[in-house]
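1. After the sequence you'll find the predicted model.
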Amino acid sequence: MKTFNDLADFSNEEIQDLISLANRLDKRPEPNALKGKVLSLLFLSPSLRTLASFQAAMTRLGGGSFVISPDMSIHGLETRPGIVMDGAAAEHIREAVPVIASYGDAIGIRAFAERKNLEHDMADTDFHALTSLIDTPYINMESAMGHPCQNLADWKTLDDYDIPAHGGKFVLSWAYHPMALPLAVPSSTLYTAARRGMDVTVLRPEGFELPQPIMEKSREAAAAAGGSVRETDDRCEAMDGAHVIYAKSWSSTKHYGDRIADQKLRNDLDDWCVDDTWFDNALDDCRFMHCLPVRRGVVVSEPVLDGPRSIVIHEARNRMLAQMAVLHQMLGGQS
Ligand code: CP
């Protein structure tokens, strides 16, 4: 494996192989599998889980890792192309990225969406600009539109909880958040549930529709896998018979890049906080998922988050296991 950028690059069989490997490494650790290997980690956006789980994954497999982020005591990092660097920044990513990559056997890169122009972000322009600077294997640790490590961990989590792939009802719901957040997780989560063959409902208020190309890509994936994709703003209808609700906030696509208009639209939507009433007509054991971090009492009520429906901690631990499988395959792990 040379890149891990999008689950769309892998067959369902290859995804299942990665999940089987993750399960095997959980049961039967391989502390020397990546002995002598180094993973470079470049974080241009904040993280807790991705940062810690990649470092833990490399350590558990016998390799090492190092982290670079603009918050560290590095020279100021310039990202703009064609700039005359006569300001505070003394280092440009055009040198920094290949240098960082050259110290490792593979590199993980995180760079969130700029959230100014939808077409720019939909094309993952900034992430591709970074990966075009290197020829080492790379892992997308979240870009403008993708979060494949989260997606693989989520697929494994659904398997772990015996949530059916076929006939399983998956609700991806927008939730209130005071800020406009990226589209990477909702878009790639929708695609993942569709690829798994589930019946997916995107529950969102007006103005927060996911981009049509994402809906189409997911509809095609669902059709090929025996599932379906629909969207609604009706909470009761969406949750009817649901096996799982995956909550996430995202930017208004109607007002993408216009923070004031987005804010105006979301101001009246603070009742989009997942609480017990949402589950009235869901299955009794309907689960709650979220990629974390999550705002308590804003995105989800405390009783739901701390209650038996919530599988968010298991989901977050699966990040480490899923990434161990990816690293094992990418770096030629020796059992
Ligand atoms: N879910 C996730 O990617 O978490 P972090 O942003 O903390 O890495």
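-> Arrived safely. Numbering: from 1, shown residues only.
2. Check the nearest residue to Arg195 once chain neighbours are set aside and give its pLDDT.
-> Leaving out its chain neighbours, the residue that sits closest to Arg195 by Cβ to Cβ, 6 or more residues apart in numbering is Ala221, at 4.7 Å. (Glycine included, C-beta is placed from N, CA and C.) Looking at Ala221, its pLDDT reads 98.
3. Specify the beta-bridge partners of Leu41.
-> Val67, Gly108 (DSSP bridges).
4. Might one say that it is in contact with Tyr138?
-> No - in this structure, Leu41 is not within contact of Tyr138 by Cβ atoms under 8 Å, at 11.0 Å.
5. re earlier: return the distance of the helix or strand harbouring the residue nearest to Arg195 from the chain's centre.
-> Assigned by DSSP states H and E, Ala221 belongs to helix 212-225. With Cα atoms, centre = their mean, to the nearest Å as the basis, helix 212-225 stands 18 Å off its chain's centre.
6. Please name every helix or strand in contact with that helix.
-> helix 184-195, strand 199-203, strand 228-232 (3 or more Cβ pairs under 8 Å, 6 or more residues apart in numbering; DSSP states H and E).
7. And the residue nearest the centre of the protein?
-> Nearest to the mean C-alpha position of the chain, by Cα atoms, centre = their mean, lies His147 at 3.1 Å.
8. what's the spacing between that one and Ala113?
-> 11 Å (Cβ to Cβ, to the nearest Å).
9. again with Leu265
-> Here Leu265 is placed at a distance of 18 Å from Ala113 (Cβ to Cβ).
10. Compare those two and say which is more crowded by neighbours.
-> For Leu265 versus Ala113, neighbours defined as other Cβ atoms under 10 Å are more numerous around Ala113 (25 against 18).
11. Is there a neighbour count for the closest residue in space to that one that isn't next to it in sequence? I'd like the number.
-> The shortest distance from Ala113 to any non-neighbouring residue, by Cβ to Cβ, 6+ apart, is to Ala144 (3.5 Å). Residues contacting Ala144 under the criterion other Cβ under 10 Å number 23.
12. right, and Ala144 touches Lys116 too?
-> No - contact criterion Cβ under 8 Å: Ala144 and Lys116 do not qualify, at 10.8 Å.
13. any common contacting residues for the two?
-> Counting by Cβ atoms under 8 Å, 6 or more residues apart in numbering, no residue touches both Ala144 and Lys116.
14. Show me which residues of the helix or strand hosting Glu237 are buried.
-> Using DSSP H and E, Glu237 falls within helix 235-239. Neighbour counts over helix 235-239 (16 or more other Cβ atoms under 10 Å) mark 235, 238-239 as buried.
15. Let's have those in JSON lines, adding pLDDT and distance to the ligand.
-> Converted to JSON lines, the buried residues of helix 235-239 look like this (pLDDT from 0 to 100; distance: Cβ to the nearest ligand atom, whole Å):
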{"residue": "Arg235", "pLDDT": "97", "distance to the ligand": "24"}
{"residue": "Ala238", "pLDDT": "98", "distance to the ligand": "23"}
{"residue": "Met239", "pLDDT": "98", "distance to the ligand": "24"}
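16. Need these in CSV (columns: distance to Leu321).
-> Output for the buried residues of helix 235-239, formatted as CSV (distance: Cβ to Cβ, whole Å):
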residue, distance to Leu321
Arg235, 33
Ala238, 30
Met239, 29
